[in-house]
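Asker: coordinates only, sequence not included:
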């Protein structure tokens, strides 16, 4: 078997290639149009020519947040929703502005409408004439041009007016002046010996504000303003003390549905810090003690486990509740009869009545509406301070 070996043929890679490229095969020029980078809703986006870019609707771009691709897709797709557009908000705002303008013009279309009537609400201590004079309403101006805020400021210049509000009403054209008066709680005598306020009596309202009655004008009944308890034993310069006493008077007057509302003629504070009520009819003293008084217990009672605080209610407040209940039951009539020297409410569960004669009989206290305490069966309405009966 014979094998023939032939030498390799030298290759020339550039053999048979033309020296220049023929011109009969021109290439297609590349388009200057950029290739779209994304497609929306299944359609290919095309670049806009320069003329189209110059004539773009910039208002539409603003309403669609400048997203031109989204606008073109919405225009080409008739089923696309316009909920992403700002047109609903613009239309709603325009409707509100139009309706507001129509209402404003309609409410003021009658330029000849003038004030017909003035209505006053909340004036119990002040007279209507005083309130109208304070308001100083200009009836010559049209009804809707009256300055309500200016009227409110003029009403607040009176020391007895705590708050004021003015509003309009139509049919007929009416101004309603609503005022909130300061409520007197107590009287306080000045302890000054010189000056303009020497010997003057002040009024204290629920907010603890001092009012000068002689400077209050336009009252319906001046005597009604002074029908409040008198505070004594406190200085007019001691603001914290007379404000605390005024709050205490208001609290006592509200007990048991106002049983003691008209019973307090004078509310006195002793040098030891205890309080005494002098009744308005007979000026009989009722000793209350101090708010810091504690219930008395013997040594054995202190050691027993049964002695517990009565719902954390102070002895002073419990005795005030008992006093208000007993006042409606028996005490008022007993003091009105003039047989009592004083009443003592400082003993737990008892109101002791010291009578003018020595031989008296004890009357039991009604137990309805009693204050919370361990036992009230031993409560006695004693007629002798030295002879108390405890069962």
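Answerer: Cool, got the structure. Every value quoted in this text rests on a predicted model; they were computed, and no experiment measured them.
Asker: ok, residue 128 - contacts?
Answerer: Going by C-beta atoms under 8 Å, 6 or more residues apart in numbering, residue 128 touches residue 120. Yep, even glycine has a C-beta here, placed from its N, CA and C like the rest.
Asker: actually, residue 288.
Answerer: Going by C-beta under 8 Å, 6+ apart, residue 288 touches 274-277, 316, 319-320, 323, 345-346.
Asker: what's the helix or strand for it?
Answerer: In this assignment (DSSP states H and E), residue 288 forms part of strand 285-289.
Asker: what's the answer for residue 102, then?
Answerer: Assigned by DSSP H and E, residue 102 falls in helix 87-107.
Asker: who are the packing partners of that helix?
Answerer: Applying 3 or more C-beta pairs under 8 Å, 6 or more residues apart in numbering; DSSP states H and E, we find helix 87-107 packed against no helix or strand.
Asker: flag every buried residue along it.
Answerer: Within helix 87-107, no residue qualifies as buried by neighbour count (16 or more other C-beta atoms under 10 Å).
Asker: cool, and stretch 172-183?
Answerer: Buried residues in stretch 172-183, counted by 16+ other C-beta under 10 Å: 173, 175, 177-179, 181-182.
Asker: which residues in the stretch 251-391 of the chain form helices?
Answerer: Secondary structure of the stretch 251-391 of the chain by DSSP state H, counting those that start in this stretch: the helices cover 299-303, 315-326, 332-337.
Asker: repeat that for the stretch 101-250 of the chain.
Answerer: Secondary structure of the stretch 101-250 of the chain by DSSP H, counting those that start in this stretch: the helices cover 128-135, 148-155, 222-225, 239-254.
Asker: lowest average pLDDT across the ones you listed?
Answerer: The stretch with the lowest mean pLDDT among those is helix 222-225, at a mean of 86.
Asker: residues contacting residue 241?
Answerer: By C-beta under 8 Å, 6+ apart, the residues touching residue 241 are 234-235, 269.
Asker: ChimeraX command for the buried members of those residues?
Answerer: Here is the ChimeraX command that picks out the buried ones among the contacts of residue 241, judged by 16+ other C-beta under 10 Å:
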select :234,269
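Asker: next one: residue 246 relative to residue 206, how far apart?
Answerer: Distance, residue 246 to residue 206, using C-beta to C-beta, to the nearest Å: 8 Å.
Asker: repeat for residue 122
Answerer: Residue 122 is 15 Å from residue 206, where distance means C-beta to C-beta.
Asker: neighbour count winner among these two?
Answerer: Neighbour tally, residue 122 and residue 206, criterion other C-beta atoms under 10 Å: the higher count belongs to residue 122, 17 against 13.
Asker: isn't the more buried one right up against residue 181?
Answerer: Yes: proximity of residue 122 to residue 181 meets the contact threshold set by C-beta atoms under 8 Å, at 6.6 Å.
Asker: what's the domain layout of the chain?
Answerer: 117-181, 184-381 (automatic domain parsing).
Asker: let me have these in CSV, extended by distance to residue 100.
Answerer: Shown next, in CSV, are the domains of the chain (distance: least, C-beta to C-beta, whole Å):
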stretch, distance to residue 100
domain 117-181, 16
domain 184-381, 41
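Asker: for residue 201, give me its contacts.
Answerer: Counting by C-beta under 8 Å, 6+ apart, residue 201 makes contact with 187-190, 213, 226.
Asker: likewise residue 266?
Answerer: The contact partners of residue 266, taken as C-beta under 8 Å, 6+ apart, are 229-232, 277-278, 283.
Asker: for residue 202, state which of those is nearest.
Answerer: residue 231 (9.5 Å; C-beta to C-beta).
Asker: quick check: bridge partners of the closest one?
Answerer: In this entry, residue 231 is beta-bridged to residue 188, residue 267, by DSSP bridges.
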